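Participant: Coordinates for the following, if possible.
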Amino acid sequence: MPAKPAHAAHHHTHNAKAFVREVTDVCEARGLRLTQIRQQVLELIAAADKPVKAYDLLDQLKNDRSNAAPPTVYRALDFLIENGFIHKLESINAYVGCHHPSVVHQVPFLICDVCESATEVCDERVSGLLNDQARALGFRARAQTLEVHGVCKRCGAA
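Facilitator: Just a heads-up that it's a prediction; the model follows:
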């Protein structure tokens with residue numbers, strides 16, 4: 001099977017069950033505790049066809065856990081972000097699953113302003129260029145999230 005190009009783009013429509021299984025395996029390998037609530041939040045994000053907001057997650061959780069509260073959701077989200085299992089899209093205040101949850105990486109996203117889809121651009125050259133520019137300016141980058149807004153191909157054709 002040919003290798004994917006370094007600049008492959010991924011829409012967040014991957015196999016939700018396989019994604020959750022991979023995160024579960026990574027947690028086990030790293031000795032991390034994937035509690036029931038963390039797993040439930042992860043499953044909801046994985047099943048979503050677009051980035052999902054924290055309060056939408058809370059509303060969905062309340063179907064099974066009537067006592068679910070915002071701090072519960074935010075703690076689960078913090079755990080999932082800190083361990084590289086999901087990404088937070090700051091500009092739209094929403095969350096998406098990471099296509100490579102076993103590898104810590106930084107990726108840019110293309111966000112459609114019409115359908116709200118998010119495409120993860122898996123190209124290490126982009127983050128490399130940003131890190132190189134930061135170093136050249138004497139800046140020590142700790143994290144980066146590049147979000148590009150526009151209109152996706154599907155919405156542009158409509």
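Participant: residue ranges with poor pLDDT in the chain?
Facilitator: 1-14 (pLDDT under 70).
Participant: Next, L110: secondary structure please.
Facilitator: strand (DSSP: H, G, I helix; E, B strand; the rest coil).
Participant: what helix or strand is the residue nearest to it when sequence neighbours are not counted on?
Facilitator: Among residues not flanking L110 along the chain, T119 sits closest, at 4.3 Å (C-beta to C-beta, 6 or more residues apart in numbering). Quick note: C-beta positions are derived from backbone N, CA and C, even for glycine. Following DSSP states H and E, one finds T119 within strand 118-122.
Participant: Paired strands for that strand, with orientation please.
Facilitator: If you go by DSSP bridges, strand 118-122 pairs up with strand 8-11 (antiparallel), strand 109-112 (antiparallel).
Participant: From the chain's centroid, how far away is the last one?
Facilitator: Relative to its parent chain, strand 109-112 has a centroid offset of 12 Å by C-alpha atoms, centre = their mean, to the nearest Å.
Participant: can you check stretch 32-48 too?
Facilitator: Taking mean C-alpha positions (C-alpha atoms, centre = their mean), stretch 32-48 and its chain are 13 Å apart.
Participant: and if you look at stretch 142-152?
Facilitator: For stretch 142-152, the distance to the chain centre is 12 Å (C-alpha atoms, centre = their mean).
Participant: would you put the C-alpha positions of that stretch in CSV?
Facilitator: What follows is stretch 142-152 as a C-alpha-only set of coordinates in CSV (Å, rounded to 0.1, in the frame of the first residue of the first chain):
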residue,chain,number,x,y,z
ARG,A,142,4.8,26.1,23.2
ALA,A,143,1.8,25.3,21.1
GLN,A,144,0.2,26.2,17.9
THR,A,145,-3.2,25.9,16.3
LEU,A,146,-3.8,27.3,12.9
GLU,A,147,-7.4,27.6,11.8
VAL,A,148,-8.2,28.8,8.3
HIS,A,149,-11.8,29.8,7.6
GLY,A,150,-13.5,29.7,4.3
VAL,A,151,-15.9,27.6,2.2
CYS,A,152,-15.3,23.9,1.5
